[in-house]
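S.K.: the following comprises the amino acid sequence and a computationally predicted model.
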Amino acid sequence: MKAKHKLRQAIDSLYSYGRATTEEAYTRLVLECARASDVEQAKRLKSHMDLHYYEPTNTFLHNRLLHLYAKSGKLSDARNLFDEMPVRDIFSWNAMLSALAKSGFVEDLRAVFNQMPFRDSVSYNTVIAGFAGNGFSKEALLVFSRMREDGLEPTDYSHVSALNACSQLLDLKRGKQIHGRIVVGNLGGNVFLSNALTDLYAKCGEVDKARWLFNRTNNKSVVSWNLMISGYLKNGHPQKCIELFHEMQDFGLRPDQVTVSNVLGAYFQCGCIDEAGRLFHVIREKDKVCWTTMIVGYAQHGKEEDALMLFGEMLLEDVRPDSFTISSVVSSCAKLASLYHGKVVHGKAILLGVDDDLLVSSAIVDMYCKCGVTDDAWIVFTMMPTRNVVTWNAMINGYAQNGQDLQALALYENMLQENLKPDSFTFVAVLSACVHAALFEQGQIYFDSISELHGLTPSLDHYACMVNLLGRSGYIDKAVDLIKSMPHKPNSLIWSTLLSICAMKGDIDNGEMAARCVFELDPSNASPYIMLSNMYATCGRWEDVASLRSLMKSKNVRKFAAFSWIEIDNKVHKFVAEDRSHPETEIIYKELSKLIKKLQEAGFIPNAKYVLHDLKEEEKFESICYHSEKLALAFGLIKKPQGGTAIRIMKNIRVCGDCHVFMKFVSKIMERPIILRDSNRFHHFVGGKCSCKDYW
């Protein structure tokens, strides 16, 4: 700061005295500006020279100013000075090339390079690096070839830029040719060259070759370690990535934020969530990439609440999230069906100016749909400046999952009118809408169009939708025939879909066949055992129920816990069946008992057939009355007794028939809309009716 202050004083003095008496005075001050990287004082000095019509006797002063402008990214000042220069030498041209390359003006860079009356190695190196650094990798390699044609030998710097271009293009063949020239020219001792080669082979999938080069690199920098760690991560070797990280620490090198981001990603790939958390929390300085890696990792591993908490911490640390961070947090809100947090993050996206980003806006549409608020999703959808197939899919699927099946199909037709090509996910959403709306013939037409009109091959997901549609339409035998005629080998999803249909229709024979297939394909999955056991229980075949439970125990198949949750005052409250762990349990059960009595007076009769245990009638009644979604509803009514706002409940498995009828009665008797999202779809209960039309 003292040097800059003295420099300002010196130039102030120059303005006081008038024109400098000697060229040395200007030269000394220009060099001081360059040394201090003080562009403002350099511009004042240039203005003084112009004011007094001073013309340097050579290009030195102007070239030093050009270099300073280029280094500081002052392209406009550099361009004006360059245009004013009466005489330009190779240093002038190279300085202008550097300014354009740093600013990313590739076309201007190309034009100036082609206008040059003569070029040297620096000219070529600057242009090659400028092209490669701005994503014009093919052009960079063309200039690299032209350099040799013009009789100039590529330098280490040339080779590094050319190898970086090959890495971007994943052009291993060309990269190996350049590597061969490096070996022949005995140029391999430079750490930057070694790093570029390591990066090339790692990015092109030859990770063992990359490790061989890495091991032979002398004086490895942190960048060297980062490239190899990143290479292992990108090639699906997260464990080796972690091992190399520990090796790096053993060498006494301090990892930087790039290292940490890669290692966090490796921990998440290995499923080591706790280790990732420990590493993240010991880092003192975290950049945006570290925060985003951690948030995305949590979101992708079912820790959505942790992702939201971490996002809050990120904002408190004044780290500005980017569109990728925001979209991941929005997706976490969608999975939790947390409308409050989703709206908060949406607001933050608007404040940050990323709400129009395609990734973010598509995630917001999906979030509102998964929170059951399709009207808000539609507003965002219609306001988007651009939409891609992902956005359309989110809106179509959102309508389908929320019982607005005809709107989903109409939107699909609009998508076709926009000349946007549907993809595999589009047809899953469209066929799901047909399933929910019981549109068998229309569904068959859409299924046939996948290959006949759109040139796609129907996937197993599409066949699962058709099995579902056929079964729900009463054609279970046709569903079985479709499975047997499929060009693909049926997977567990296909057989689970058939099993679910059989459970709904009471088809024990086909249900047993489907269950056996799922047992074989997915032996640790408890769902088929539970579905088949429920079928037996419904028929009163308790010996078969006991036999299945014994089989599950012998195979160590664990039943996952069914639970429901509700968000009250920005806090999530979770319940399981007959749950008495909540701090307000007594009040909840009292409220639920009053509610059941009121509904019974209105004609509601708890359906004991949904109790899938061999219990006495009184015990069955107690069991069916205290399912998790009913407890969540009672808690919601306690906390939000007034107003016409909907009570929102989420459940991790499909809602049972008794609870479905129960919710319809409550929505009518209490005149309160209820939105229940289960594992299959949304149920909007209003005035005694459900959006699924009892076709769930």
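M.R.: Perfect, thanks for sending it.
S.K.: contacts, neighbours, all on C-alpha from now
M.R.: Will do.
S.K.: Met650 contacts Lys335, correct?
M.R.: No: if you go by C-alpha atoms under 8 Å, Met650 and Lys335 don't touch, sitting 10.0 Å apart.
S.K.: and the two? Which one has more around it.
M.R.: When Met650 and Lys335 are compared for neighbours, Met650 comes out ahead with 25 against 18, by other C-alpha atoms under 10 Å.
S.K.: on the three-state scheme, the more buried one is what?
M.R.: Here Met650 is strand, with the state taken from DSSP: H, G, I helix; E, B strand; the rest coil.
S.K.: contacts only, for it.
M.R.: Ala337, Ser564, Trp565, Ile566, Glu629, Leu676, Arg677, Asp678 (C-alpha atoms under 8 Å, 6 or more residues apart in numbering).
S.K.: skipping adjacent residues, who's closest to it in space?
M.R.: Using C-alpha to C-alpha, 6 or more residues apart in numbering and skipping the chain neighbours, the partner closest in space to Met650 is Arg677 (4.7 Å).
S.K.: widest-spaced pair of the contacts of Met650?
M.R.: Ala337 and Glu629 (14.9 Å; C-alpha to C-alpha).
S.K.: could I get the pLDDT score of the residue lying closest to Leu152 once chain neighbours are set aside?
M.R.: For Leu152, ignoring the flanking residues on the chain, the nearest one in space by C-alpha to C-alpha, 6+ apart is Ser121 at 6.6 Å. Looking at Ser121, its pLDDT reads 93.
S.K.: Ser121 is in contact with Asp150, isn't it?
M.R.: No: judged on C-alpha under 8 Å, Ser121 makes no contact with Asp150 at a distance of 10.2 Å.
S.K.: okay, those two: which has more neighbours?
M.R.: Regarding Ser121 and Asp150, a neighbour count based on other C-alpha under 10 Å identifies Ser121 as having more, with 15 against 10.
S.K.: distance check, the more buried one against Ala165.
M.R.: 18 Å (C-alpha to C-alpha, to the nearest Å).
S.K.: now Asp38
M.R.: Here the criterion is C-alpha to C-alpha. By it, Asp38 lies 33 Å from Ala165.
S.K.: how about Arg88?
M.R.: 31 Å.
S.K.: between those two, tell me which one has more neighbours.
M.R.: Set Arg88 next to Ala165 and count neighbours by other C-alpha under 10 Å: Ala165 wins out with 28 against 16.
S.K.: contacts only, for the residue nearest the centre of the chain.
M.R.: Nearest to the mean C-alpha position of the chain, by C-alpha atoms, centre = their mean, lies Ser328 at 5.2 Å. Taking C-alpha under 8 Å, 6+ apart, we find Ser328 in contact with Ile295, Val296, Ala299.
S.K.: in the stretch of helix or strand the last one belongs to, what's buried?
M.R.: When elements are assigned from DSSP states H and E, Ala299 belongs to helix 288-300. Residues of helix 288-300 classed as buried under the neighbour-count rule (16 or more other C-alpha atoms under 10 Å) are Val289, Cys290, Trp291, Thr292, Thr293, Met294, Ile295, Val296, Gly297, Tyr298, Ala299.
S.K.: mind giving me the packing neighbours of the next helix or strand after it?
M.R.: Using DSSP H and E, the helix or strand that follows helix 288-300 in sequence is helix 304-316. Helices and strands touching helix 304-316, by 3 or more C-alpha pairs under 8 Å, 6 or more residues apart in numbering; DSSP states H and E, are helix 288-300, helix 323-336.
S.K.: so the helix or strand following the last one versus helix 323-336, what angle?
M.R.: Read it as helix 323-336. Sequence-wise, the next helix or strand downstream of helix 323-336 (DSSP H and E) is helix 339-352. Here the directions of helix 339-352 and helix 323-336 differ by 170 degrees (axes from the mean of the first three to the mean of the last three C-alpha atoms, to 10 degrees).
S.K.: just checking, what packs against helix 339-352?
M.R.: helix 323-336, helix 358-370.
S.K.: out of the contacts of Ser328, the closest to Lys598 would be?
M.R.: Nearest to Lys598 among the contacts of Ser328: Ala299, at 41.5 Å, using C-alpha to C-alpha.
S.K.: that closest one touches Ala307, doesn't it?
M.R.: Yes: between Ala299 and Ala307 there is a contact under C-alpha under 8 Å: 5.8 Å.
S.K.: return every residue with contacts to both of these two.
M.R.: Between them, Ala299 and Ala307 share the contacting residues Val329, Ser332, judged by C-alpha under 8 Å, 6+ apart.
S.K.: next SSE after the helix or strand bottoming out on mean pLDDT in the chain?
M.R.: Among the helices and strands of the chain, helix 617-625 carries the lowest confidence by mean pLDDT, DSSP states H and E, at a mean of 58. Once the chain leaves helix 617-625, the next helix or strand it forms, by DSSP H and E, is helix 628-639.
S.K.: buried residues, that next one. List them.
M.R.: Ser628, Glu629, Lys630, Leu631, Ala632, Leu633, Ala634, Phe635, Gly636, Leu637.
S.K.: also stretch 684-693?
M.R.: Buried residues in stretch 684-693 (16+ other C-alpha under 10 Å): His684, Phe685, Val686, Gly687, Gly688, Lys689, Cys690, Ser691, Cys692.
S.K.: dump that stretch to CSV, restricted to CA.
M.R.: Output of stretch 684-693 as CSV, limited to C-alpha atoms (Å, rounded to 0.1, in the frame of the first residue of the first chain):
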residue,chain,number,x,y,z
HIS,A,684,-56.1,-34.8,-2.9
PHE,A,685,-59.0,-35.3,-0.6
VAL,A,686,-61.7,-32.6,-1.0
GLY,A,687,-65.3,-32.7,0.1
GLY,A,688,-65.3,-36.5,0.5
LYS,A,689,-63.7,-37.3,-2.8
CYS,A,690,-60.2,-38.2,-3.8
SER,A,691,-58.2,-37.1,-7.0
CYS,A,692,-57.3,-40.7,-7.6
LYS,A,693,-61.0,-41.5,-8.1
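S.K.: give me the distance between Lys303 and Ala266.
M.R.: Per C-alpha to C-alpha, Lys303 is found 17 Å from Ala266.
S.K.: neighbour-wise, which of the two wins?
M.R.: The neighbour count for Lys303 versus Ala266, taken as other C-alpha under 10 Å, is higher for Ala266 (26 against 17).
S.K.: returning to that earlier point: pLDDT for the contacts of Ser328 - can I get that in a markdown table?
M.R.: Shown next, in a markdown table, are those (pLDDT from 0 to 100):
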| residue | pLDDT |
| --- | --- |
| Ile295 | 95 |
| Val296 | 93 |
| Ala299 | 91 |
